[in-house]
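>>> No letters, just coordinates:
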């Protein structure tokens with residue numbers, strides 16, 4: 001068994017027991033600094049959230065994977081993919097890729113699970129696996145992600161009680177129904193854990209785990225990156241065929257292209273006019 005296999009076995013043991021694993025200092029400080037500089041022009045407080053789920057003092061950069069090759073490399077980080085290989089079916093997809101910057105004054109996000117919109121009864125296997133990478137240190141003051149360890153095993157009545165702050169059905173304007181206020185109640189108040197971690201670390205957790213972005217009570221923004229992966233038969237959150245130009249997708253590795261949907265899940269899910277979608281990329285390039 002390789003060193004990576006040993007690490008992944010420990011990762012999986014933590015995920016199965018608690019719903020998450022924390023991998024400290026996985027990115028070198030120089031790489032983190034480079035990522036921060038690349039994102040600087042994209043984070044100008046121009047596009048803040050539209051509701052208290054997105055966060056009125058939170059900005060996001062979507063389709064992060066296409067912003068720079070560094071972020072495409074991050075999507076196929078060997079340790080992360082090795083974990084996903086064990087938790088998801090072959091040919092799994094990238095469902096979301098974004099940078100998230102929480103500004104001072106941001107309120108707590110409603111608790112939620114990342115695969116709640118896949119309406120399959122709980123308890124069940126997670127349909128997705130999420131990662132949150134700390135570009136800035138995560139502290140209790142600056143909006144560190146908060147999780148409820150063990151909630152990945154809760155059934156529907158238990159989890160729905162905690163999801164009272166968000167209903168993933170939508171209003172006529174396409175936005176989710178949202179309640180106001182802090183949905184945290186006495187049942188989980190003492191079970192919530194702040195994911196404090198140094199810059200360069202990552203938390204990997206199941207899409208069935210209850211979590212939220214924390215309140216930023218500090219005087220500085222908190223920046224993170226989040227890549228999420230889903231089963232090959234599930235609809236991804238982001239439509240990369242529209243958000244990423246084909247000439248940019250061609251420059252990515254075949255592994256990343258497959259994660260974006262330029263792949264086929266047997267027997268023929270994902271084909272384009274009966275042809276493997278990557279062949280369309282190759283044909284247009286020539």
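In hand now; what should we look at? Fair warning: this is a prediction, and the values are worked out from it, not measured in the lab.

>>> Just give the number of residues close to the nearest residue to residue 17 once chain neighbours are set aside.
Residue nearest to residue 17 in three dimensions, not counting chain neighbours: residue 150, with 7.9 Å by CB to CB, 6 or more residues apart in numbering. For the C-beta atoms, the positions are set from N, CA and C on the backbone; glycine is no exception. Using other CB atoms under 10 Å, residue 150 has 14 neighbouring residues.

>>> Now for residue 4: which residues touch it?
By CB atoms under 8 Å, 6 or more residues apart in numbering, residue 4 lies in contact with 78-79, 82.

>>> what do you get for residue 146?
Contact analysis of residue 146 by CB under 8 Å, 6+ apart lists 108, 192-195, 211-214.

>>> Check the gap between it and residue 37 for me.
Counting by CB to CB, to the nearest Å, the gap between residue 146 and residue 37 amounts to 28 Å.

>>> one step back: going through the contacts of residue 4, which ones are buried?
Among those, those classed as buried by 16 or more other CB atoms under 10 Å are residue 82.

>>> of the contacts of residue 4, closest to residue 125?
Using CB to CB, residue 82 is the member of the contacts of residue 4 that lies nearest residue 125, at 18.1 Å.

>>> wait, that closest one sits on residue 8?
Yes. Counting by CB atoms under 8 Å, residue 82 touches residue 8, with 4.7 Å between them.

>>> tell me the SS of residue 223?
Three-state call for residue 223 (DSSP: H, G, I helix; E, B strand; the rest coil): strand.

>>> what's around the closest residue to it other than its chain neighbours, how many residues?
Excluding the flanking residues, the one nearest residue 223 by CB to CB, 6+ apart is residue 135, at 4.2 Å. For residue 135, the tally of surrounding residues (other CB under 10 Å) stands at 20.

>>> correct me, but residue 135 touches residue 221?
No. Applying CB under 8 Å as the test, residue 135 and residue 221 come out as separate, 10.0 Å apart.
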